[in-house]
Each structure stands twice: as C-alpha cells, then as structure tokens.
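Asks: Below are the sequence and a predicted model; questions follow.
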Amino acid sequence: MASQGTSSPKIHVLAFPVPGQGHITPMMHLCKKIAARDGFIVSFVNVDSLHDEMIKHWRAPSNTDLRLVSIPLSWKIPHGLDAYTLTHSGEFFKATTEMIPALEHLVSKLSLEISPVRCIISDYFFFWTQDVADKFGIPRIVLWPGSAAWTTIEYHIPELIAGGHVFPSLTEAKKLVADESIVDIIKGLGPLHQADVPLYLQADDHLWAEYSVQRVPYIRKASCVLVNSFYDLEPEASDFMAAELRKGISPSVPCFSWTSRPPRSDQPTWCSGTRTPSACGGLTSRKRLPFSTYLSTYLHIYISSVLYISTYLYISNI
C-alpha cells in the first residue's frame, strides 16, 4: 500500500518475463534488487499455470515488497517452456499476444488495489507489452536476458532474411544458405559461419518467423534497454547498439550500470542518450520527469560478482 502521512508513495513496478528458466531467472534477480530499495513495490507476473507451481515454493525475500501475480494463458506450462513449446514457438508466442486484455486488466487492478503501476519491465520477446504501457502512458523497460551479441543478431533479422540466413519460409529461395557460408552483415559482431546462427532463427516455422520480424522494431520504442552483460566483455556489440538506439531512447531515463563501478566517460549506456558519466553516476538527468526522479534516485543499480556466459556470445576466429 502507499505510505501514509507526508512520505512519498512507493513506486509500483510490474515485471513480466517470458515463462522460461533462462528468462525468469535474470528478471527475478533484477526484481529482487529493485524491491530491496526503499520506496518500491514489484509485482512479478507469470502465466497462470506456472504461477500455480511457483507459489508452492515461493518465499519472498525479507524486507522487500515483491509479490507474485498471474494472468491466464491458454497454453498450460506448469514447468515453463518445454520441448513441445519450443518446437511450436510460433503457435505459443502468437497465443501470448492474446494476453493483452488480461495484462491491461491486471495493470488496472493492481493500480487500484495497491498503487498505480508506474513502469513495466518486460522481456524483449514480449514486445506487445509496449502497447499496454503506451495505453497507460507509462514507460516500458526491455530486459534482454542474453548477451549484447544476441541483441545485434536479433536487430539484423530483416537483413539476415534478405541474405538467406534465417527463416527459410521468408527468404526468396525458400531455403537457407549452406552451413559453411560466411555471415558478415551483422554490425557490431565479427563474421560467423551460417552453422553458428542461432537455431531458433533457422526454424522453418512461418508463425514464428512473422512474430520475430514483428518484434524487431519495438526495441526502439522502449524507454530503456537492459542487457545481461557488461561493456568490457562485448564493446563492439555494445557500441553498435548504443549508437543505433540512442535516438529512440530518452536521455531522461535512469541508468542501470553493468558493472560494480560507475561507467567510464567513453562507455555508452543503452538507457541513456548520453555518454557523460554524470548522467549515470551523478544522476543529473533525474529532474526531467517525475518518474525518472523516482527511478534515478532509487534504482541506480550495480550488478557485480556474477558473470553470465551466454549461449549467444560469439568469439569469431574466422
């Protein structure tokens, strides 16, 4: 509930990961850090069948306001994404778009029962949550659960389709190029063999291909992009994506550092339209928007001590 008296009300953040282990885990780590800060409430959304299993074992971290909530999904996945779901990705993710009305209802319900939802943090693959955020006039923050290299590959899906590297059903030849072919059109990433292109992008699944093409431009609409990596590990991919997204990212939103130290002056941050360290370490941009004031004050998060090695972190030796 909102604080009583003269104290400021808590900021209510709604988090919505893709219901898979590799997506839920980084989102939960992030939410625990947010909820551990004074002045924040976090509602963690799961699809109903997974939520029903998760609450059996759930113990909220002490001294935090982190709660589990659910919305209905026609697919029943009590243990998260399984083999069947992954081999029918197009059908599954198309079904997730049917949750839009339920998510809108949940935002309204939580806003009335707890406090107004002020921000949605959602998985990149749930691009349609941007439309929900826009409807309520609140920012959406994208969480990439993988590496910066992964983001560059996803960002180049239109070019990869044109080159015959992904989604055979959408290519002119209706098939992919040979495995030994070199893919050298991904900016921010060195050349790689066709065989190294992520298999989920090579699937001959027309529904999945359409969903994938649809999600790419939505990253530009987000207020902030968080990546499960850090700059020194992937400088080229990070620099490219920072340059690409800078015009689409508001410089008034707060910074989330990838390391245990403030960013260097030459270290770009995806969630700020500036390279100056004062915009991150000094939080000088927080006065521009009321929401940014809250987040800049309370959510200057530093992730340390844990190194995630992503499946899609490429080290090219071609």
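Replies: Looks like it came in fine. Residues are numbered from 1 along each chain as shown.
Asks: can you pull out the strands in this protein?
Replies: 11-16, 40-47, 66-71, 117-123, 140-144, 182-183, 192-193, 224-227 (DSSP state E).
Asks: Name every strand pairing with the fifth one and say which way it goes.
Replies: Strand 140-144 has the following sheet partners, assigned by DSSP bridges: strand 117-123 (parallel), strand 224-227 (parallel).
Asks: Equivalent analysis for the second one, please.
Replies: For strand 40-47, sheet partners with direction are given as strand 11-16 (parallel), strand 66-71 (parallel), following DSSP bridges.
Asks: thinking again about what came up before, mind putting the strands of the chain into CSV with mean pLDDT, mean neighbour count and distance to L207?
Replies: All C-beta atoms are positioned from the backbone trio N, CA, C, and that covers glycine. Below are those laid out as CSV (pLDDT from 0 to 100; neighbours: other CB atoms under 10 Å; distance: least, CB to CB, whole Å):
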stretch, mean pLDDT, mean neighbour count, distance to L207
strand 11-16, 96, 24, 21
strand 40-47, 95, 24, 19
strand 66-71, 94, 17, 22
strand 117-123, 96, 24, 19
strand 140-144, 91, 24, 22
strand 182-183, 96, 18, 24
strand 192-193, 93, 17, 26
strand 224-227, 85, 24, 26
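Asks: Need those strands in JSON lines (columns: distance to P101).
Replies: Shown next, in JSON lines, are these (distance: least, CB to CB, whole Å):
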{"stretch": "strand 11-16", "distance to P101": "14"}
{"stretch": "strand 40-47", "distance to P101": "14"}
{"stretch": "strand 66-71", "distance to P101": "9"}
{"stretch": "strand 117-123", "distance to P101": "15"}
{"stretch": "strand 140-144", "distance to P101": "17"}
{"stretch": "strand 182-183", "distance to P101": "40"}
{"stretch": "strand 192-193", "distance to P101": "41"}
{"stretch": "strand 224-227", "distance to P101": "26"}
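Asks: For L103, which of those strands is the nearest?
Replies: Ranking the strands of the chain by proximity to L103 (CB to CB) places strand 66-71 first, at 5.9 Å.
Asks: For that closest one, output the C-alpha coordinates as CSV.
Replies: The C-alpha trace of strand 66-71 is given here as CSV (Å, rounded to 0.1, in the frame of the first residue of the first chain):
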residue,chain,number,x,y,z
LEU,A,66,8.0,-8.3,-4.0
ARG,A,67,4.9,-10.2,-4.9
LEU,A,68,3.8,-12.8,-7.4
VAL,A,69,0.7,-12.3,-9.6
SER,A,70,-0.6,-14.1,-12.6
ILE,A,71,-2.6,-13.8,-15.8
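Asks: which residues are in contact with it?
Replies: 31-32, 35, 41-48, 51-52, 54-55, 58, 60, 99, 102-103, 105-106, 110 (CB atoms under 8 Å, 6 or more residues apart in numbering).
Asks: In contact with T129: list those residues for me.
Replies: T129 is in contact with F16, L103, I120, S122, R140, counting by CB under 8 Å, 6+ apart.
Asks: Farthest-apart pair in these, please.
Replies: Maximum pairwise distance in the contacts of T129, criterion CB to CB, is 11.5 Å, between L103 and R140.
Asks: Dump the strands paired with strand 140-144 to TSV, plus distance to V69.
Replies: Formatted as TSV, the strands paired with strand 140-144 follow (distance: least, CB to CB, whole Å):
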stretch	distance to V69
strand 117-123	11
strand 224-227	21
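Asks: who's in contact with the nearest residue to F125 once chain neighbours are set aside?
Replies: Spatial nearest neighbour of F125, chain neighbours left out: V18 (5.1 Å); criterion: CB to CB, 6 or more residues apart in numbering. V18 makes contacts with I24, L81, D123, F125, F126, P145, as judged by CB under 8 Å, 6+ apart.
Asks: Pull up the per-residue confidence for S265.
Replies: pLDDT recorded at S265 is 41.
Asks: er, P61 actually
Replies: At P61, pLDDT is 80.
Asks: what sits against it?
Replies: So P61 contacts K32, A35, A36 (CB under 8 Å, 6+ apart).
Asks: Now stretch 127-136 - C-alpha only, PDB.
Replies: Written as PDB, here are the backbone C-alpha positions of stretch 127-136 (Å, rounded to 0.1, in the frame of the first residue of the first chain):
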ATOM      1  CA  PHE A 127       7.200  -6.800 -27.500                       C
ATOM      2  CA  TRP A 128       3.400  -6.400 -27.300                       C
ATOM      3  CA  THR A 129       3.700  -5.200 -23.700                       C
ATOM      4  CA  GLN A 130       4.900  -1.900 -25.200                       C
ATOM      5  CA  ASP A 131       1.300  -1.400 -26.500                       C
ATOM      6  CA  VAL A 132       0.000  -1.900 -23.000                       C
ATOM      7  CA  ALA A 133       2.500   0.500 -21.500                       C
ATOM      8  CA  ASP A 134       1.600   3.100 -24.100                       C
ATOM      9  CA  LYS A 135      -2.100   2.700 -23.400                       C
ATOM     10  CA  PHE A 136      -1.500   3.500 -19.700                       C
END
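Asks: Okay then, goodbye and thanks.
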